[in-house]
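Novice: Build the 3D model from these lines:
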Amino acid sequence: MYAIMKKSIFFKMVFFIATVIMSLPIYAENWHSSFSSFSYEGMHYKKNRIAIDLGVGGAKGGGGFDLGVRYQRNFAPFLGWDAISVKAAFPTKNTFDENPNLQIMTGVRGTTPNFFKDMSGYLSIALGYGFSTDSSAMNNDGGVCFEIGPGINLCKNIYVGYAFNLQKINVSIDGQNVSSNGKLHYFRLGFVF
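Specialist: Next comes the predicted model:
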């Protein structure tokens with residue numbers, strides 16, 4: 001029963017993310033003016049962008065992967081605000097037997113000028129709140145999460161990079177308080193629309 005419930009949470013999150021991805025063209029068509037290109041001192045950029053982040057990596061004791069969606073609001077060609085980022089992190093071992101950690105973050109993203117065709121560098125820093133979806137935990141306080149990541153924008157819509165993610169989790173399982181810091185190193189692949 002417990003394993004079925006874990007699989008159900010995973011499939012609900014996959015369904016939600018797939019629904020968001022499939023509805024992007026509809027939002028872009030309806031809100032064309034907010035997703036159109038703007039100019040700042042002769043440089044063209046989009047003010048509003050939506051991105052999908054995929055990460056694969058690990059830490060001491062195991063591997064993991066994450067899947068996230070974020071909304072980015074650009075103020076200038078080289079500076080943007082990641083207004084909201086929602087991410088689910090899973091272990092690579094026993095993916096369906098473990099519960100994902102969810103993170104909700106906000107942060108800033110800086111981009112360099114293009115150094116080759118449409119290629120540029122970026123640095124993102126985000127801070128937020130993360131928690132475990134483990135239903136066996138009686139008291140899931142969650143905790144602060146932080147991520148920093150440099151990388152390269154390969155073109156206007158695809159980027160790769162590195163991300164260091166720190167997650168603090170406080171849970172109470174069977175009357176015992178457990179506090180943990182998760183430090184993960186990810187290879188990041190992202191798609192921006």
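
Novice: Count residues in the vicinity of the residue nearest to residue 101 when sequence neighbours are not counted, would you?
Specialist: Nearest residue to residue 101, sequence neighbours excluded (Cβ to Cβ, 6 or more residues apart in numbering): residue 89, at 4.6 Å. Quick note: C-beta positions are derived from backbone N, CA and C, even for glycine. As a burial measure, residue 89 scores 23 neighbours (other Cβ atoms under 10 Å).

Novice: what pairs with residue 89 across the strands?
Specialist: Counting by DSSP bridges, residue 89 is bridged to residue 66, residue 101.

Novice: Residue 169 now?
Specialist: Counting by DSSP bridges, the residues bridging with residue 169 are residue 180.

Novice: what's around it, how many residues?
Specialist: The number of residues packed near residue 169 is 21, by other Cβ under 10 Å.

Novice: Relative to residue 53, how far out is it?
Specialist: For residue 169, the distance to residue 53 equals 21 Å [Cβ to Cβ, to the nearest Å].

Novice: Can you name the residues in contact with stretch 53-66?
Specialist: Applying Cβ atoms under 8 Å, 6 or more residues apart in numbering, the external contacts of stretch 53-66 come out as 67-70, 85, 87-93, 163, 165, 182-190.

Novice: Let me see the mean pLDDT of it.
Specialist: Mean pLDDT, computed over stretch 53-66, is 87.

Novice: Stretch 77-85 now?
Specialist: Mean per-residue pLDDT for stretch 77-85: 93.

Novice: Which parts of the chain are strands?
Specialist: For the chain, strands defined by DSSP state E occupy the ranges 37-40, 43-46, 48-59, 62-76, 79-91, 101-111, 120-132, 139-140, 143-153, 158-173, 176-192.

Novice: ok, now which ones touch residue 143?
Specialist: 129, 130, 131, 167, 168, 169, 170.

Novice: Also residue 164?
Specialist: By Cβ under 8 Å, 6+ apart, the contact set of residue 164 is 147, 148, 149, 183, 184, 185, 186.

Novice: now residue 100, nearest residue through space, not along the chain?
Specialist: residue 88 (4.4 Å).

Novice: can you pull the pLDDT of the one you found?
Specialist: pLDDT, residue 88: 92.
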